[in-house]
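curious how this folds, go ahead:
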Amino acid sequence: MLQPRFGGNALRCVANKKGLTGLNTFEVRWASTSAVPRGKTETIQIPSQSLKQHPLAAMPTGMLLRSLLIATVSSNKFLLIPSLHLLSFFSKPDRSYLFNIDRNPVLKALLKRTLYNQFCAGETEKETRACVKQLKDLGFKGVILTYAKEMVFDHKSKSPNHHTSDKFVEEGAKAVANDTDIEAWRVGTLKTVDLISEGDILALKTTGGGPAVAESFSKGGLPPQQMLDALDEIAVKCKERGIQIIVDAESQHWQKGIGRTTLELMRKFNTDGKAVIYNTYQAYLKITPSVLAQHLAEAEKDGFTLGLKLVRGAYILSDDRTLICDTKEDTDNQYNGIAQGALRQQIGDFGASGPNARPFPSVNLFLASHNRDSVLSANKLHRQRLEAGLPTVPVAFGQLHGMSDEVSFSLLAEKGENEMPPEVFKCSTWGSMGECVGYLLRRAVENRDAVLRTKDEFAALRAETRRRVFGA
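Numbering: from 1, shown residues only. Sure, this is the predicted structure:
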């Protein structure tokens, strides 16, 4: 158990995927107490029905309390707005020693024990491996891990904000006398691959390759050959190790080039009926249905599997608002329509009946969402179609590390006829405090724009805390 992360003297219940029928087996790891020696383990069994009623029962107590603290802030606009301003202030790279989160030990310790540990995997490779193991021990199929280096284009100021790192620049510069941003990103990404294992997923922020890559993407083109070679090397290594790759959506200023690059990777690596590469589609964009139709047509024509990761969207503050759906209801309808259409193998003319019908191509679906109704209804539809022998597509689910744990554990408590839960992943990032601060800020912004959802999360966390305190 990584004591600094979850802390406290409480026991830790860890889900075992090989649980008995009707029961979930848990390994209990005790933290340091005067009565129980560190590292002692024993096995208990909790009825699956209990987990359905109390899905957060599987959370370690330290993790539960920290999540409750974060949710208390994020669900209250009078606490959240000042916190966002403060985090934005700390995110500026040119702050003096007093306000520099990497140099001021007191400030760093405070942020690390709260926001950082809630949403990020670790500053070092050792910390990250320990966090990855803990998430898997809690019953998740695997982790989605990304290296904290990206650019965000501010539509209002017409300028990029490069959340960059010099951690691997020197190492990369020794290897090649070329674009050091691309080389540093390559080295950092390959190190990220080494932190995960078969069944896990690598998430790529391709603008982390730096200005030359971003410039190519802004013109809708492929990145420089050096970046293409790096992507090819990473994809080969991941395919050999049984690791999938999700190419994240980013600011719309660059998305056309990112989508074109991802299609080329899918053509090359998604050729054996399974997606190694996933492209990310943002349901809050008005253009997403037509983009998806184009990509389905490419998959049908060239015979590769389309990796379809569906999200609602995370760049609402920096993207051109006219590109985004007019209402949240429009976004929800678009998200659910694409998700359930893929599960039914019918999207637009693909899989439909009639004179314009086209065959539904091979698709692997990944639903990344914190919306409880969206993910539970999709899982129910998928299970019903499997049990009825109807055609469907493989599907997995994901939520961000530190967010919507009630949704994640509710999914894990759902089981079909084979007594196996759906495949659920937690998405996290790793890197120093300074490297991850842009990521942290966007996570906080997402909470600000989803106060009602975080209120639901807060209520669930508070109820579970009360249940533990007063007994169950």
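
if I look at the closest residue to residue 254 other than its chain neighbours, what pLDDT would I see?
Distance criterion C-beta to C-beta, 6 or more residues apart in numbering; nearest residue to residue 254, sequence neighbours excluded, is residue 217 at 3.7 Å. In short, each C-beta sits where N, CA and C put it, glycine included. Confidence at residue 217, expressed as pLDDT, is 95.

okay but residue 217 is in contact with residue 257, surely?
Yes - counting by C-beta atoms under 8 Å, residue 257 is a contact partner of residue 217 at 3.2 Å.

more crowded one of those two?
residue 217 (28 against 23; other C-beta atoms under 10 Å).

how close does that one get to residue 57?
In this structure, residue 217 and residue 57 are 45 Å apart, going by C-beta to C-beta, to the nearest Å.

after the one helix or strand residue 265 maps to, next one along is what?
Assessed by DSSP states H and E, residue 265 sits inside helix 252-269. Downstream of helix 252-269, the first helix or strand assigned by DSSP H and E is strand 277-282.

please state the offset of that next one from the chain centre?
12 Å (C-alpha atoms, centre = their mean, to the nearest Å).

packing partners for that strand?
Applying 3 or more C-beta pairs under 8 Å, 6 or more residues apart in numbering; DSSP states H and E, we find strand 277-282 packed against strand 244-247, helix 252-269, helix 288-302, strand 306-311, strand 363-368.

tell me the strands beside it, with direction?
strand 244-247 (parallel), strand 306-311 (parallel) (DSSP bridges).

now the ones you listed as JSON lines including distance to residue 52?
Compiled in JSON lines, the strands paired with strand 277-282 are given as follows (distance: least, C-beta to C-beta, whole Å):
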{"stretch": "strand 244-247", "distance to residue 52": "29"}
{"stretch": "strand 306-311", "distance to residue 52": "26"}
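
can you put those strands in CSV and add distance to residue 438 and mean pLDDT?
Conversion of the strands paired with strand 277-282 to CSV gives the following (distance: least, C-beta to C-beta, whole Å; pLDDT from 0 to 100):
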stretch, distance to residue 438, mean pLDDT
strand 244-247, 18, 97
strand 306-311, 18, 97
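
just the buried residues of the longest helix along the chain, please?
Taking DSSP state H as the criterion, the chain has its longest helix at helix 451-470. Neighbour-count burial for helix 451-470, counted by 16 or more other C-beta atoms under 10 Å, picks out 453, 454, 456, 457, 458, 460, 461, 464, 465, 468.

tally of neighbours for residue 126?
Using other C-beta under 10 Å: residue 126 sits among 11 other residues.

residue 118 versus that one, what's the distance?
Counting by C-beta to C-beta - residue 126 and residue 118 are separated by 19 Å.

and what of residue 309?
Taking C-beta to C-beta, one finds residue 309 at 23 Å from residue 118.

which parts of the protein are strands?
For the chain, the strands defined by DSSP state E cover 11-16, 23-30, 41-47, 120-122, 142-147, 150-154, 159-163, 201-204, 244-247, 277-282, 306-311, 363-368, 395-400, 424-430.

quick check: mean pLDDT of stretch 106-119?
On average, stretch 106-119 scores 83.

which residues touch it?
4-5, 66-67, 69-70, 87, 90, 99-102, 123, 400-403, 428-429, 433, 436, 439-440, 443-444 (C-beta atoms under 8 Å, 6 or more residues apart in numbering).

emit the PyMOL select command for whichever of these are buried.
Restricted to buried positions by 16+ other C-beta under 10 Å, the PyMOL selection for the contacts of stretch 106-119 reads:
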select buried, resi 5+66+67+70+87+90+100+101+123+400+401+402+403+428+429+433+436+439+440+443+444
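
what is the burial count for the closest residue to residue 379 other than its chain neighbours?
In this structure, residue 379 finds its nearest non-sequential neighbour in residue 422, 5.2 Å apart by C-beta to C-beta, 6+ apart. Residues within reach of residue 422, counting by other C-beta under 10 Å, total 20.

if I look at residue 422, what pLDDT would I see?
93.

please report phi then psi for it.
Backbone dihedrals for residue 422, given as degrees, to the nearest 10, come out at phi -70, psi 160.

going forward, begin numbering at 14 instead of 1
Sounds good: first residue 14 from here, last item residue 435.

contact partners for it?
392, 395, 396, 408, 409, 410, 424, 425, 427.

distance of residue 138 from residue 446?
For residue 138, the distance to residue 446 - C-beta to C-beta - is 16 Å.

was I right to think residue 406 contacts residue 356?
Yes - if you go by C-beta under 8 Å, residue 406 and residue 356 touch, sitting 6.4 Å apart.

just the pLDDT for the nearest residue to residue 297 once chain neighbours are set aside.
Using C-beta to C-beta, 6+ apart and skipping residues adjacent in sequence, the residue nearest residue 297 is residue 326, 3.6 Å away. pLDDT recorded at residue 326 is 87.

residue contacts, residue 326?
Applying C-beta under 8 Å, 6+ apart, we find residue 326 in contact with 262, 295, 296, 297, 298, 337, 344.

let's see which of the residues you listed end up in helices.
residue 344.

tell me the one among the contacts of residue 326 nearest to residue 211.
Here the nearest of these to residue 211, counting by C-beta to C-beta, is residue 262; it sits at 25.6 Å.

pull the number of nearby residues for the closest one.
23.

isn't it right up against residue 268?
Yes - contact criterion C-beta under 8 Å: residue 262 and residue 268 qualify, at 6.3 Å.

circling back: out of the contacts of residue 326, flag the one nearest to residue 371.
Closest to residue 371, out of all of the contacts of residue 326 and judged by C-beta to C-beta, is residue 296, at 22.2 Å.

mind listing what that closest one touches?
So residue 296 contacts 323, 324, 325, 326, 338, 344, 347, 348, 351 (C-beta under 8 Å, 6+ apart).

what is the burial count for the residue nearest to it when sequence neighbours are not counted?
In space, and not counting its chain neighbours, residue 296 is closest to residue 348: 3.7 Å by C-beta to C-beta, 6+ apart. When neighbours are counted by other C-beta under 10 Å, residue 348 registers 25.

quick one on the thing from earlier: residue 322 and residue 131: which has the busier surroundings?
Shown here are residue 322 and residue 131; by other C-beta under 10 Å, residue 322 has more neighbours (25 against 21).

tell me the spacing between the more buried one and residue 269.
Counting by C-beta to C-beta, the gap from residue 322 to residue 269 is 17 Å.

what comes into contact with stretch 268-283?
219-220, 229-236, 241, 244-245, 248, 252, 258, 260, 262-263, 288-290, 292, 304, 308, 311-312, 315, 317-320.

return the distance of it from the chain's centre.
20 Å.

show the average pLDDT along that stretch.
The model assigns stretch 268-283 a mean pLDDT of 97.

please apply the same query to stretch 445-463.
66.

picking up where we left off before, what about residue 406 and residue 356, which has more around it?
Remark: of residue 406 and residue 356, residue 356 carries more neighbours, 24 against 19, as counted by other C-beta under 10 Å.
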